[in-house]
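Trainee: Sequence first, then the predicted structure:
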Amino acid sequence: MTDNPTTGTWSAPGRVNLIGEHTDYNDGFVLPFAIEFRTAVALQTRTDGRIRVTSSFSSDAAEVAVSDLAALFPDRRDEVPEWARYPLGVAWALLEATGVDVASVPGVDLSFSSDVPVGAGLSSSAAIEGATASALNDVWGLGLDCVSLAKVGRRAENEAVGAPTGIMDQMASMLGRADAATFLDCRSLQTESVDLGFAGAGLELLVIDTKVTHAHSTGGYRERRASCEQGAAIMGVPALRDLTVDDLARAQELMDDVTFRRVRHVVTEDQRVLDTVETLRSAGPRGIGQLLDASHASMRDDFEPSVAALDLGIDPTRAAGAIGARMTGGGFGGAAIALIDHSLVASVTAAVERAFADAGYATPHIFTVHPSEGARRDV
Ligand code: ADP
Ligand code: MG
């Protein structure tokens, strides 16, 4: 224990989900990749057994005794500012997961800074969770692996924050690799790294942040999850993951139209993830455009989480020559992605900005992202 670090900087990235939307909480498949935007935490141990969190994101700091975390979460979480529930919730979930004696771990000061856009569907929440989990795992000498740290992040978000999210974001942020995506089976939590080869193929992945904000804990997301659970129950399976495209005809007979369309999205989306992995490996990234487009159409028509601004981000990219485009990150506001030729970055950006201006929306934030390394210790 004596050689645990007492100071240092750790960081974890946001992520883009290439394909596999609303499949994670249905035990299905997703294909996200970590991006170069990161949340960093500077850590310093302290001798009084307290944990204090500050962030460039908020002027509200929070401080509690490490030994009080168990009483704080989940019931008394209102006593700390909302943002602080992410890092303090991770500290709490780490203690719960390991059963380590709270008296044996040092207090810490955690100071966060980040360039991950917040609430844009790029998972700034997984980035702050991943940075915190990685730092405390090392400093408290807990010895958890990346998958366990991802689970800790999810537990913090579910129980300490109260947002009912799946495991995808945390796994992507923990396990990312440069130039690759993380193919994740959300049931077994088995992962495979899948080379993307965007740069080699002369491609860029453009993110169009519509700046329409989303909130996971509000109605639409919960409602979709409930429809999925209902659909699985009607079909007599533990999760929609257990259905295939061949089961859809029977599903249509057994359930109401809305539930059926939610189910159809998830079942076909699982298949599209598998097809995307296969296509990336056999034909490379230029082959996946149609799968991205089909994913978007399925989200738009069957799952219906989209807002008008997202279609506004997608349609002009196609007209301007994108290989494929889709909404990402859940679709209640947030961001769209488009896979485009490197030479088209400026013209596609201009086309989307023009479409937003013509429709009277605020200028979207448009930027490229590159598949990058996951959580790590920096210094
Ligand atoms: P997303 O993950 O899509 O960016 P979420 O609503 O899941 O959006 O998470 C955003 C919330 O996470 C913020 O409102 C804030 O509470 C917290 N958060 C994210 N990054 C930071 C940060 N660097 N510092 C403080 N809080 C953060
Ligand atoms: Mg989030």
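Mentor: Here it is on my side, so go on. Ligands and ions are numbered 1, 2, ... in the order given.

Trainee: From now on I want contacts and neighbour counts done on CA atoms only, so please keep to that.
Mentor: Fine.

Trainee: Could you pull out the buried residues of stretch 245-256?
Mentor: Residues of stretch 245-256 classed as buried by neighbour count (16 or more other Cα atoms under 10 Å): 248, 251, 255.

Trainee: Contacts for it next, please.
Mentor: Contacts of stretch 245-256 with the rest of the structure, by Cα atoms under 8 Å, 6 or more residues apart in numbering, involve 231, 234, 235, 260, 264, 267, 268, 271.

Trainee: for residue 59, phi and psi?
Mentor: Main-chain torsions, residue 59, degrees, to the nearest 10: phi -80, psi -10.

Trainee: pLDDT value on it, please?
Mentor: At residue 59, the pLDDT value in this model is 94.

Trainee: Distance of it relative to residue 361?
Mentor: 30 Å (Cα to Cα, to the nearest Å).

Trainee: Neighbour count: those two, which is higher?
Mentor: residue 361 (16 against 8; other Cα atoms under 10 Å).

Trainee: Tell me how far that one lies from ligand 2.
Mentor: 24 Å (Cα to the ion, to the nearest Å).

Trainee: Next secondary structure after the strand or helix carrying residue 252?
Mentor: Using DSSP states H and E, residue 252 falls within helix 248-254. Along the chain past helix 248-254, the next helix or strand (assigned with DSSP H and E) turns out to be helix 257-282.

Trainee: right, and the helix or strand after that following helix?
Mentor: Following helix 257-282 toward the C-terminus (DSSP H and E): helix 289-298.

Trainee: Tell me what angle that next one forms with helix 257-282.
Mentor: Orientation check (axes from the mean of the first three to the mean of the last three Cα atoms, to 10 degrees): helix 289-298 against helix 257-282 gives 170 degrees.

Trainee: so what secondary structure elements neighbour helix 289-298?
Mentor: strand 7-19, helix 257-282, strand 324-328 (3 or more Cα pairs under 8 Å, 6 or more residues apart in numbering; DSSP states H and E).

Trainee: the inter-axis angle of it versus strand 7-19?
Mentor: Using the same axes, to 10 degrees: helix 289-298 against strand 7-19 is 90 degrees.

Trainee: Let me see the mean pLDDT of helix 289-298.
Mentor: The predicted model gives helix 289-298 an average pLDDT of 96.

Trainee: Likewise for stretch 240-252?
Mentor: Averaged across stretch 240-252, pLDDT comes to 98.

Trainee: next one: stretch 156-174
Mentor: Averaging pLDDT along stretch 156-174 gives 94.

Trainee: List only those of the contacts of stretch 245-256 flagged as buried.
Mentor: 231, 235, 260, 264, 267, 268, 271.

Trainee: Which pLDDT value belongs to residue 217?
Mentor: If you check residue 217, the pLDDT there is 42.

Trainee: ok so, going back, need the buried ones among the contacts of stretch 245-256 in CSV (columns: distance to ligand 2).
Mentor: Below are the buried ones among the contacts of stretch 245-256 laid out as CSV (distance: Cα to the ion, whole Å):
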residue, distance to ligand 2
231, 25
235, 30
260, 27
264, 25
267, 23
268, 24
271, 25
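
Trainee: Kindly identify which of those residues also come near ligand 1.
Mentor: Of the residues in those, proximity to ligand 1 by Cα under 6 Å from any ligand atom holds for none.

Trainee: Switch the residues you listed over to CSV; also include pLDDT.
Mentor: Formatted as CSV, the buried ones among the contacts of stretch 245-256 follow (pLDDT from 0 to 100):
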residue, pLDDT
231, 98
235, 98
260, 98
264, 98
267, 98
268, 98
271, 98
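
Trainee: Put together JSON lines for those residues, with distance to residue 353 on each row.
Mentor: Formatted as JSON lines, these follow (distance: Cα to Cα, whole Å):
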{"residue": "231", "distance to residue 353": "39"}
{"residue": "235", "distance to residue 353": "44"}
{"residue": "260", "distance to residue 353": "36"}
{"residue": "264", "distance to residue 353": "33"}
{"residue": "267", "distance to residue 353": "34"}
{"residue": "268", "distance to residue 353": "32"}
{"residue": "271", "distance to residue 353": "33"}
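
Trainee: Quick check: of these, which lies closest to residue 314?
Mentor: Checking those against residue 314 by Cα to Cα gives residue 268 as the nearest, at 20.4 Å.

Trainee: ranges for the helices of the stretch 101-250 of the chain?
Mentor: Using DSSP state H, counting those that start in this stretch, the helices of the stretch 101-250 of the chain run over 124-139, 146-155, 168-175, 219-235, 248-254.

Trainee: if we can go back for a sec, burial-wise, tell me which of the helices and strands packed on helix 289-298 comes out on top.
Mentor: Most buried of the helices and strands packed on helix 289-298, by mean neighbour count (mean count of other Cα atoms under 10 Å): strand 324-328, with a mean of 31.

Trainee: quick one: low-confidence ranges for the stretch 1-150 of the chain?
Mentor: Within the stretch 1-150 of the chain, the segments meeting pLDDT under 70 span 1-2.

Trainee: Show me which residues of the chain sit near ligand 2.
Mentor: 123, 125 (Cα under 5 Å from the ion).

Trainee: Wait, residue 153 touches residue 126, no?
Mentor: Yes. Shown here, residue 153 and residue 126 form a contact pair, counting by Cα atoms under 8 Å, at 7.0 Å.

Trainee: Can you check which residues contact both of these two?
Mentor: With Cα under 8 Å, 6+ apart as the test, residue 153 and residue 126 both reach residue 170.

Trainee: For the two, indicate the residue with more neighbours.
Mentor: Set side by side, residue 153 and residue 126 show more neighbours around residue 153, with 33 against 28, by other Cα under 10 Å.
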